[in-house]
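# give me coordinates for this.
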Amino acid sequence: MELVFMVAGFMFAAYSVVANDVIQTLGTFLSSNRERPWWILSIYTGSILTVVLVYGWLHYNGDVSYGRLSSKGLGELPSPFYWWYMLPPLVLLVITRYGIPVSTTFLILSIFSISSDESIQGSALDILISIFSGKSTIGKMLTKSIMGYLVAFGAAIVLYFLIAKKVEKYFIDHKYLKADNKWVVLQWLSTGFLWSQWLIQDLANIYVFLPRELPLSYLIFSLVLILSLICYIFYNKGGSIQKIVTSKTNTTDIRSATIIDFIYGIILLIFKEISNIPMSTTWVFVGLLAGREFAISYQLNIQSFATVFQLVLRDLAKIMLGLVVSILLVLLISMLQ
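Coordinates of the predicted model:
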């Protein structure tokens, strides 16, 4: 029965993470290549996924998470493996249906960390103190994710203050001009770079349900499943989550999308090198778009400050919802245990 729970949990997590997180990473790629056949985009991103997954499996002795699951509380599968470990991806499936970009890192990994992390045992108050003090694995993930949001927000503001009036204004004023082939090449390269960095960060959110030293049969099964889900997402044009990308200024322009992807990928690369503690890539993504929107609107007077603030606040509220749900699940499952 434990094997059934593990496989079912993995399948639920794979679908929910792909539907919620992947489109936030590939959203600009999808929106700026909306005229290209979905299967071409699927082949490109699927090939990169295969390379990243197989390389991690070979280089890290079967650990496709690139060491992200070696943190305290995540290094081994819980034993026994109870049914309630499937709750986070199921909850995420429901939230994704409403187009809310929550953090899958908090929602899924936090449940596994409570099984062996002594710092989050005890009463509800003790657990909350441990989380927000940064002593537990969940607390460290939260701290790193907040830093990711702030760094992305600040970097976007500085960069777009410098380039908005010349670069972004030119892109907006010349939408009718077809982008040069060099921009197409650059955008596909930036997407490949970003996609690989995101996979290294977020594969842990899916493979936390499977053995840390993944057997070959599990690798093949999981790869086929995730590739199928990616094809479905591209065929479906991204679903509800895609709206968080298309609601921002000029994100459908392939040139603007290229810049966004490169910045996002570089920030993920930096945080990947800082530590193996998992972090929420969703927070980085939302912070990047928020800083970009503030800078562009201020420099080009496209929208009022109140409108931009409301838009950014709404996105921030959505990811905070995921954090609240994660903490409530942690408290619930700690009671069940």
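
# and the contacts of stretch 318-328?
Stretch 318-328 has contacts (Cβ atoms under 8 Å, 6 or more residues apart in numbering) with 88, 91, 95, 100-104, 106-107, 110, 128, 131, 138, 142, 244, 280, 282-283, 286. In short, each C-beta sits where N, CA and C put it, glycine included.

# do that again at 10 Å, thanks
For stretch 318-328, contacts defined as Cβ atoms under 10 Å, 6 or more residues apart in numbering pick out 20, 88, 91-92, 94-95, 98-111, 124, 127-128, 131-132, 138, 141-142, 145-146, 149, 244, 280, 282-283, 285-287.

# what do you get for stretch 290-306?
For stretch 290-306, contacts defined as Cβ under 10 Å, 6+ apart pick out 149-166, 168-169, 172-173, 247-251, 256, 259-260, 263, 307-313, 315-316.

# 8 Å instead, please
In contact with stretch 290-306 (Cβ under 8 Å, 6+ apart) are residues 152-157, 159-161, 164-165, 168-169, 172, 248-250, 260, 307-308, 311-312, 315-316.

# returning to that earlier point: just the buried residues out of the contacts of stretch 318-328, in PyMOL syntax.
To isolate the buried members of the contacts of stretch 318-328 in PyMOL, using 16 or more other Cβ atoms under 10 Å:
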select buried, resi 20+88+91+92+95+100+101+102+103+104+105+106+107+108+109+110+111+127+131+138+141+142+145+146+149+244+280+282+283+285+286+287
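
# so which of the contacts of stretch 318-328 sit within helices?
Mapping the contacts of stretch 318-328 onto helices (DSSP state H) picks out 88, 91-92, 94-95, 104, 110-111, 124, 127-128, 131-132, 138, 141-142, 145-146, 149, 244, 282-283, 285-287.

# flag the shaky bits of the stretch 51-200 of the chain, pLDDT-wise.
Counting by pLDDT under 70, the low-confidence segments of the stretch 51-200 of the chain come to 71-73, 75, 99-101, 114-124, 127, 130-131, 134-135, 176-179.

# helix or strand next in line after the helix or strand harbouring residue 206, which one?
Here residue 206 sits within helix 181-207, counting by DSSP states H and E. Counting by DSSP H and E, the next helix or strand C-terminal to helix 181-207 is helix 216-235.

# sorry, back to before: from the contact counts, what lies against the helix holding residue 206?
helix 2-17, helix 23-32, helix 38-59, helix 216-235, helix 254-274, helix 281-300 (3 or more Cβ pairs under 8 Å, 6 or more residues apart in numbering; DSSP states H and E).

# closest one to residue 196 among those helices?
helix 38-59 (5.3 Å; Cβ to Cβ).

# hmm, who's touching that closest one?
Residues outside helix 38-59 that contact it (Cβ under 8 Å, 6+ apart): 26, 29-30, 33, 63-66, 188, 191-192, 195-196, 199-200, 203, 214, 219, 222-223, 226-227, 230-231, 234-235, 237.

# looking at the helices and strands packed on helix 181-207, which is closest to residue 78?
helix 2-17 (9.4 Å).

# the closest one vs helix 87-97, what angle?
Relative orientation of helix 2-17 versus helix 87-97 (axes from the mean of the first three to the mean of the last three Cα atoms, to 10 degrees): 30 degrees.

# in the biggest helix by length in the chain, what's buried?
Once the chain is assigned using DSSP H, the helix that runs over the most residues is helix 305-336. For helix 305-336, a neighbour-count test (16+ other Cβ under 10 Å) marks 308, 311-312, 315, 318-319, 321-323, 325-327, 329-331, 333-334 as buried.

# same check on stretch 27-38?
In stretch 27-38, counting by 16+ other Cβ under 10 Å, buried: 27-33, 38.

# how about those in CSV, adding pLDDT?
Output for the buried residues of stretch 27-38, formatted as CSV (pLDDT from 0 to 100):
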residue, pLDDT
27, 73
28, 71
29, 78
30, 77
31, 71
32, 71
33, 76
38, 85
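
# farthest-separated two in these?
Taking Cβ to Cβ, the two most distant members of the buried residues of stretch 27-38 are 28 and 38; they sit 15.8 Å apart.

# closest to residue 184 out of the helices and strands packed on helix 181-207?
When these are compared by Cβ to Cβ, helix 254-274 sits nearest residue 184, at 6.5 Å.

# where's the closest residue to residue 260 other than its chain neighbours relative to residue 332, distance?
Spatial nearest neighbour of residue 260, chain neighbours left out: residue 28 (5.3 Å); criterion: Cβ to Cβ, 6 or more residues apart in numbering. According to Cβ to Cβ, to the nearest Å, residue 28 stands 36 Å off from residue 332.

# thanks a lot, see you next time.
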